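Asks: from the sequence below, what's the structure:
(2 chains)
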Amino acid sequence: MVIFQWLGELVVQRAGVIVPGSLMGMLLLLIFLAYPSRLASIVEPVSNRLIQNLSLLFIPACVGVFFLGPAISLQIRLLMVVIALSTLLAIIFMAVLIKTIGADKND
Amino acid sequence: MTDLLAMQWQQITASSWVMLLSVTGFWLGMSIYRRSSEKPLLHPLIIGTPFIAILLVLMSVDFDQYYKANGLLSWLLGPATVALAVPLAKYLKQMSKVIPILTIAVLFGGFFAAVSALSLALWLTSEPIMMLSIAAKSVTTPIAMVITQQLGGLITLITPIVLFTGIIGILVAPRVFHIVGLEDERWQGLILGVTAHAIGTLKAFEKSPRCGAFSTIGMGLNGIWTSIFLVPMIQIFTV
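Replies: Below you'll find the predicted structure:
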């Protein structure tokens, strides 16, 4: 995993694209995994452990929400309304869109 | 290359015992979550983080110190993102069958998520800086940071905005799916990924690896797609 992240970071640095390195690393690993090899069996247990505990990795950043300070607290309530509404709208929009084109029928 | 390694090494070694707080908070959140038969309102992130915040205040540890002490956890996000390739590879065949629908859903969904946020922000706040900061809300944090920087929004605001979007997403999505009658877990996953990025993907993986794989692809594609259309679009409007 680590090797592929570094590979990704390197590619991003060289190519100057705005995609984060880890995302590029994921794409690279995906390309390698598309060909049958022993790599999959080596990578899988590590990958599963990481994904199962993904929540833990987000905790530090989330705690930061409580320490934002008073500077923006005035606007924060309005912002929260905007975010909540638009997220709800976007989810409804996509669900209805997919339902309309009937994508959920064929399995 | 060497300075990249040195930077990451520094981030990891800055970790300290304060990191145990995160692990405790996570563990506490997880056990409450499991006991409540996995209600979305009691997600470990929602239970665990206020608990940690209160402890930090009680122990008078400031946030910067805490964040630095969690270097190892933050660093692991990189390899963890790479790890998502494994479930993705498994479902690659299934996905290739539905590429047209997948593409349409991501293109329109991602566009709608950004435009709805922009127009609501314009209507309610009338502050241009707020609009610029909120535009990238549905995109995963690392990409959202780059986009916000290019737009000239507030970088410090984007992390909590993205997180809050994700939390709202996982709270409302199950209800919307129920009301609309969308039962296919592939599309539930995709929607979670496009609208609620990494937090949605997390939730999708709890449902099933298949749901998670579609969520991952939704998050990744939406990140790339939003970074392509958003910056030029806003530049056209502001000139």
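
Asks: what residues go with each domain of chain B?
Replies: Here the domain assignment for chain B is B:2-79, B:85-238, based on automatic domain parsing.

Asks: would you list every one of the helices in chain B?
Replies: Per DSSP state H, chain B carries helices over the ranges B:2-13, B:19-35, B:44-58, B:63-69, B:71-83, B:85-90, B:92-97, B:99-124, B:128-134, B:141-151, B:155-180, B:185-207, B:209-238.

Asks: that older thread, so of the domains of chain B, which one's packed in deepest?
Replies: For the domains of chain B, average neighbour numbers computed from mean count of other Cβ atoms under 10 Å in any protein chain shown are highest in domain B:85-238, which has a mean of 21. Any C-beta I mention is one placed from the backbone N, CA and C, and that applies to glycine too.

Asks: residue A:79 and residue B:93, how far apart?
Replies: The gap separating residue A:79 from residue B:93 is 42 Å, by Cβ to Cβ, to the nearest Å.

Asks: also residue B:197?
Replies: When Cβ to Cβ is the yardstick, residue B:197 and residue B:93 sit 25 Å from each other.

Asks: shaky segments in the chain?
Replies: Defaulting to chain A. Applying pLDDT under 70 to chain A flags the ranges A:1-25, A:34, A:36-42, A:65-75, A:102-107.

Asks: you answered for a different chain; I wanted chain B.
Replies: Applying pLDDT under 70 to the predicted model, the residue ranges of chain B that meet it are B:1-18, B:37-42, B:125-126, B:155-156, B:237-239.

Asks: as a markdown table, the domains of chain B with distance to residue A:59 would be great.
Replies: Shown next, in a markdown table, are the domains of chain B (distance: least, Cβ to Cβ, whole Å):
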| stretch | distance to residue A:59 |
| --- | --- |
| domain B:2-79 | 5 |
| domain B:85-238 | 11 |
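
Asks: possible to save those as TSV with distance to chain A?
Replies: Compiled in TSV, these are given as follows (distance: least, Cβ to the nearest Cβ, whole Å):
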stretch	distance to chain A
domain B:2-79	4
domain B:85-238	4
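
Asks: how near is residue B:224 to residue B:179?
Replies: Per Cβ to Cβ, residue B:224 is found 30 Å from residue B:179.

Asks: show me the contacts for residue B:44.
Replies: Each residue near residue B:44 by Cβ atoms under 8 Å, 6 or more residues apart in numbering or on different chains is listed here: A:55, B:26, B:29-30, B:32-33.

Asks: ugh, wrong one, I meant residue B:23
Replies: Residues in contact with residue B:23 (Cβ under 8 Å, 6+ apart) are residue A:56.

Asks: how about the helices of chain B in a markdown table, adding distance to residue A:48?
Replies: Listed next are those as a markdown table, based on distance: least, Cβ to Cβ, whole Å:
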| stretch | distance to residue A:48 |
| --- | --- |
| helix B:2-13 | 22 |
| helix B:19-35 | 17 |
| helix B:44-58 | 18 |
| helix B:63-69 | 27 |
| helix B:71-83 | 8 |
| helix B:85-90 | 8 |
| helix B:92-97 | 17 |
| helix B:99-124 | 24 |
| helix B:128-134 | 35 |
| helix B:141-151 | 23 |
| helix B:155-180 | 21 |
| helix B:185-207 | 10 |
| helix B:209-238 | 9 |
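
Asks: farthest-separated two in the contacts of residue B:44?
Replies: Between all members of those, the longest pairwise span (Cβ to Cβ) is found for A:55 and B:32 and amounts to 12.7 Å.

Asks: still on that earlier bit, ok, which of the domains of chain B comes nearest residue A:33?
Replies: Within the domains of chain B, the stretch nearest residue A:33 is domain B:85-238; the backing value is 3.7 Å (Cβ to Cβ).

Asks: from the chain's centroid, how far away is that closest one?
Replies: On the basis of Cα atoms, centre = their mean, to the nearest Å, domain B:85-238 is displaced by 8 Å from the centre of the chain it belongs to.

Asks: can you tell me how far residue B:81 sits from residue A:51?
Replies: Look at residue B:81 and residue A:51: by Cβ to Cβ, they are 10 Å apart.

Asks: now do residue B:67
Replies: Taking Cβ to Cβ as the measure, residue B:67 and residue A:51 are separated by 23 Å.

Asks: in which helix or strand would I find residue A:82?
Replies: Remark: residue A:82 resides in helix A:73-100, with elements defined by DSSP states H and E.

Asks: anything in that helix near chain B?
Replies: Yes: residues of helix A:73-100 contacting chain B under Cβ under 8 Å from any Cβ of the partner chain: A:75, A:78-99.

Asks: can you give me the helices in chain A?
Replies: With DSSP H as the criterion, chain A has helices at A:2-15, A:21-34, A:39-52, A:54-63, A:73-100.

Asks: for the last one, packing partners?
Replies: When contacts are defined as 3 or more Cβ pairs under 8 Å, 6 or more residues apart in numbering or on different chains; DSSP states H and E, helix A:73-100 packs onto helix B:99-124, helix B:128-134, helix B:155-180, helix B:185-207.
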